[in-house]
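attaching a predicted model along with its sequence, questions to come.
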There are 2 protein chains.
Amino acid sequence: MVDSWLNKVNWTQDGLVPVVVQEAGGGKVLMFAWMNREALKRTVSSGEAVYWSRSRKKLWRKGEESGHVQKVLEVRLDCDADAILLKVEQAGGIACHTGRESCFFRKLENGRWVETEPVVKDPQAIYGKK
Amino acid sequence: MVDSWLNKVNWTQDGLVPVVVQEAGGGKVLMFAWMNREALKRTVSSGEAVYWSRSRKKLWRKGEESGHVQKVLEVRLDCDADAILLKVEQAGGIACHTGRESCFFRKLENGRWVETEPVVKDPQAIYGKK
């Protein structure tokens, strides 16, 4: 009963929902990710974004390695209940693992994808050499 | 060769890519949808958003019934090349089939999804009685 809001979400057959992540202040779209039920539950209870990593097949608290956590200010659901929008405050001003503010840093120009956003911080400085 | 930019997209096994749609002016996230290769190609060549309807299994030119077409100002690709961001001008100021500006009109508040955006125009007036 207490989690009945989770049942309103139209989860995929894999138990996931796509998530759009937007910076609450400037409105920039920062990234796109997926959540399962547990990720959404933890996001709401902790107030910080937790996603489901499809490649690693595990929960992933955003910023757990980089420190670039996302404080969640709003959680929204779309008309078909099959997509979530998070409005967040992005710690460090960097959402992308490439060290950029946003993951959407390539823009289509005359049939080519052109990088339009600078690297704010070198990924090696964020994650350490591996 | 002329469409090599389409090959940079990491299409799903079903040949689709998730698309986030943002109003270019105010920055509001309007909707979330899917495209296949043909939809993205037509979007870029026509300058108006064309999606793939997974329920109807056909191409869907946004606004073909409602008139609420989306003029595409920017097409962006994310770091993993598996999500697209469109920046658009939304005709009529209505993206949602419910007659609202944005599809993300429900906000989570104390364990409940609360409708936070008004219906700008009655859907019956948009689509006609059926």
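The structure has been received and is ready for your questions.

for chain A, which segments count as helices?
A:4-7, A:37-46, A:123-127 (DSSP state H).

check contacts around the residue lying farthest from the centre of chain A.
Relative to the centre of chain A, the most outlying C-alpha is that of residue A:110, 28.9 Å out, by CA atoms, centre = their mean. Counting by CB atoms under 8 Å, 6 or more residues apart in numbering or on different chains, residue A:110 makes contact with nothing. (Glycine included, C-beta is placed from N, CA and C.)

re the thing from before, wait, which of the helices of chain A is closest to chain B?
helix A:4-7 (5.3 Å; CB to the nearest CB).

does chain B have contacts with that closest one?
Yes. Counting by CB under 8 Å from any CB of the partner chain, contacts between helix A:4-7 and chain B involve A:4, A:5.

could you list the buried residues of that helix?
Under the neighbour-count criterion of 16 or more other CB atoms under 10 Å in any protein chain shown, helix A:4-7 has residue A:5 buried.

quick one: residue A:63 and residue A:72 touch, right?
No. If you go by CB atoms under 8 Å, residue A:63 and residue A:72 don't touch, sitting 12.0 Å apart.

ok, those two, which is more surrounded?
The residue with more neighbours, out of residue A:63 and residue A:72, is residue A:72; 21 against 18, by other CB atoms under 10 Å in any protein chain shown.

about what we covered before: which residues are in contact with both of residue A:63 and residue A:72?
Joint contacts of residue A:63 and residue A:72 (CB under 8 Å, 6+ apart) are residue A:48.

among the helices of chain A, which comes closest to residue A:67?
The minimum distance between residue A:67 and these falls on helix A:123-127, with 7.8 Å, by CB to CB.

how about whichever residue of chain A sits closest to chain B, nearest residue that isn't a chain neighbour?
The nearest approach of chain A to chain B comes at residue A:27, 3.0 Å away (CB to the nearest CB). Using CB to CB, 6 or more residues apart in numbering or on different chains and skipping residues adjacent in sequence, the residue nearest residue A:27 is residue B:27, 3.0 Å away.

over to residue A:33?
Closest residue to residue A:33 apart from its sequence neighbours, by CB to CB, 6+ apart: residue A:51 at 4.4 Å.

count of residues packed around that neighbour?
24.

what's the pLDDT at it?
What the model reports for residue A:51 is a pLDDT of 98.
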